[in-house]
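*Asks:* Need a 3D model of the following:
(chains A and B)
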2 protein chains.
Amino acid sequence: MSSNLIDGKEISTSIKNNLKLEIDEIKNNFSRSPHLVVVLVGSNPASLSYVKAKEKACKLVGINCHVERLEETVSEENLITYIEKLNQDDQVDGMIVQLPLPKNLDKEKIIQKISPYKDVDGLNNENLGLLASGDPRFVPATPLGVQRMINEIGIKTEGLKIVIIGRSKLVGIPLALLLSSKSDQGNSTVTICHSKSKDIKSNTLDSDIIIVATGFPHTLTKDMVRKNSVVIDVGVNRIEDNSKKNGFRLIGDSDFHEIKEIASKITPVPGGVGPMTIAMLLENVTKAFHININKRL
Amino acid sequence: MSSNLIDGKEISTSIKNNLKLEIDEIKNNFSRSPHLVVVLVGSNPASLSYVKAKEKACKLVGINCHVERLEETVSEENLITYIEKLNQDDQVDGMIVQLPLPKNLDKEKIIQKISPYKDVDGLNNENLGLLASGDPRFVPATPLGVQRMINEIGIKTEGLKIVIIGRSKLVGIPLALLLSSKSDQGNSTVTICHSKSKDIKSNTLDSDIIIVATGFPHTLTKDMVRKNSVVIDVGVNRIEDNSKKNGFRLIGDSDFHEIKEIASKITPVPGGVGPMTIAMLLENVTKAFHININKRL
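*Replies:* Numbering: from 1, shown residues only, chains lettered A, B, ... in the order given. Presented below is the predicted three-dimensional model:
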């Protein structure tokens, strides 16, 4: 890879290797692996492929991952009953309800039924509140992965100016909370920009790190980046590309090729934030295991 | 008052007058007033005076406020049992546990026992999480009061640059979430500064609104404020003053007298954010009443 690319694959591989060692030890001490249940409703092709990737990553580090497939037509009541059964099951450490859910199901209501102690996606309001109060338990894997990546490439965030473009509940807001929090990997001066911001460029030109997470290609253009800043691109957008076998390629939210000539470091898409997300999910499941064990001690 | 002062007393009086009308109607329709219980443990003089102010304000708008005084020596178990009794009591709409609590009590554990549907101080993690997810139920009264005040003086926050100095769970962080959120009274570009920020001045000089909430006098000095910006001072600090009967006076976190010559608008201390906080608490109690009633419909 070119010298200024941040290699999310390599960083995440090293994290996963360490996790594997930790999980080997868990198996020795507790005679079982951390146990994740992924609830998959219906057969959305993208969901199927995400779930497969999670299964594969779990297997690699030794997490026991069970995928429970429910019919597209499952009732809200039955789905909630199933989630509550998992909440009660001492042998289940972590749980994910794969999104999106079929439209007749109330996503928010269902997600909030997951025990906050097993909510490895960090979507429960209690967990989001703990994050906002500076005492996080489970943080959504993508923002956690971005923070970890910044840390792993040796950047000390304390006092740095970080601009986040995007204010989603899943990425932008948790990232702002993490990076501004009183902690070794936080303590930065965070600015949150979004679709209603008037002059994003004046903010990004004045920042040490730019994180872009809008879900729109070309959100961050080269004129918005000052020399030597660090660019983290969270976006994953499919665009048509007839030169590819499958007819598309993935690009981020930033103009990667132009910006990589200016930025001191930049994440590629794919191969940047994506692999970090999966690694952080695995860490969350391992954390859930420890929480589950300690609850019963 | 000087023309560029933001008169929190006047704004809050108008809010309370409207609230009184709303509560008169509630009394007509439901044959009872919204009901707040304030739990006061021990006899900390500052707490006694805060609780008295809350009682008085409740009375003014027609909220039924009951202060339950518990002995300094109350056990954690008994306090929690009492809170759970209030959680179950259909006739209680809102509840406050006055802080600080005696040191032998686990404040965080106790606060989290308050039902998130009765938590009018907005301290429950679920409520903080709802705020972070852009769907607030109860928001702490001080940040809510700041947002409302900005709105009441006719400022449209959309697209404005707002710098918040201070990242507390009670003020700075909820304010950042409120003001950056996708809403009519939000949609601004928020920067969160704090003790580890390197160059707060460069941020404040570049902003439309500066909100200072650090709890330290002289945090915001006149060289940090550009002409025509708006300054909201959340601080309340006691400093010695022998010319006063009680030996002290209150000042904010900003150098008020010098900054008021530069700022287009500024809040005085006292008489700025303080009165807004109480008004927002009263609104939260009234909201809790509606939530309580609707739950049973």
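*Asks:* Disregarding residues adjacent in the polypeptide, which is nearest to the residue nearest the centre of chain A?
*Replies:* Nearest to the geometric centre of chain A sits A:Thr142, at 1.8 Å (Cα atoms, centre = their mean). With sequence-adjacent residues excluded and distances taken as Cβ to Cβ, 6 or more residues apart in numbering or on different chains, A:Thr142 is closest to A:Thr277, at 4.8 Å. For the C-beta atoms, the positions are set from N, CA and C on the backbone; glycine is no exception.
*Asks:* Give the other helices and strands that the helix or strand harbouring that neighbour contacts.
*Replies:* Element membership for A:Thr277 (DSSP states H and E) is helix A:273-295. Applying 3 or more Cβ pairs under 8 Å, 6 or more residues apart in numbering or on different chains; DSSP states H and E, one finds that helix A:273-295 contacts helix A:8-30, strand A:35-41, helix A:45-61, strand A:94-97, helix A:141-152.
*Asks:* and the second one, which strands flank it?
*Replies:* Pairing partners of strand A:35-41, with direction, according to DSSP bridges: strand A:64-70 (parallel), strand A:94-97 (parallel).
*Asks:* now what about that strand, what contacts it?
*Replies:* A:47-48, A:51, A:54-55, A:58, A:63-72, A:74, A:79, A:82-83, A:86, A:91-98, A:101-102, A:105, A:120, A:285, A:288-289 (Cβ atoms under 8 Å, 6 or more residues apart in numbering or on different chains).
*Asks:* go on, the last one?
*Replies:* By Cβ under 8 Å, 6+ apart, the list of residues contacting helix A:141-152 from outside reads A:6, A:8, A:11-12, A:14-15, A:121-122, A:157, A:170-171, A:174-175, A:178-179, A:185-186, A:209, A:211, A:213, A:230, A:232, A:234, A:267, A:272-273, A:276-281, A:283-284.
*Asks:* same check, this time on the shortest one
*Replies:* Strand A:94-97 is touched from outside by A:34-39, A:41, A:54, A:83, A:86-87, A:110-111, A:114-115, A:118-121, A:281, A:284-285, A:288-289, with contacts defined as Cβ under 8 Å, 6+ apart.
*Asks:* which is the next helix or strand following it?
*Replies:* Following strand A:94-97 in sequence, per DSSP H and E, is helix A:107-111.
*Asks:* mean confidence for that following helix?
*Replies:* Averaging pLDDT along helix A:107-111 gives 97.
*Asks:* Now do it: which elements does it pack against?
*Replies:* helix A:76-88.
*Asks:* Let me have the helices and strands packed on helix A:273-295 in TSV, extended by mean pLDDT.
*Replies:* Shown next, in TSV, are these (pLDDT from 0 to 100):
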stretch	mean pLDDT
helix A:8-30	98
strand A:35-41	98
helix A:45-61	96
strand A:94-97	98
helix A:141-152	98
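*Asks:* Nearest to B:Arg226, out of those?
*Replies:* B:Arg226 lies closest to helix A:141-152 among the helices and strands packed on helix A:273-295, at 31.3 Å (Cβ to Cβ).
*Asks:* before we move on, back to that, what's the burial count for the residue nearest to A:Thr142?
*Replies:* 21 (other Cβ atoms under 10 Å in any protein chain shown).
*Asks:* now do the one 5 residues further on
*Replies:* Around A:Leu282 there are 28 other residues, counting by other Cβ under 10 Å.
*Asks:* And for A:His290?
*Replies:* Neighbours of A:His290 (other Cβ under 10 Å): 13.
*Asks:* any idea how far it is from chain B?
*Replies:* 20 Å (Cβ to the nearest Cβ, to the nearest Å).
*Asks:* ok, the residue nearest to A:Arg167 when sequence neighbours are not counted to B:Ile251 distance?
*Replies:* Counting by Cβ to Cβ, 6+ apart, A:His194 is the residue found nearest to A:Arg167 once chain neighbours are left out, at 4.5 Å. Plainly put, A:His194 is 35 Å away from B:Ile251 if you go by Cβ to Cβ, to the nearest Å.
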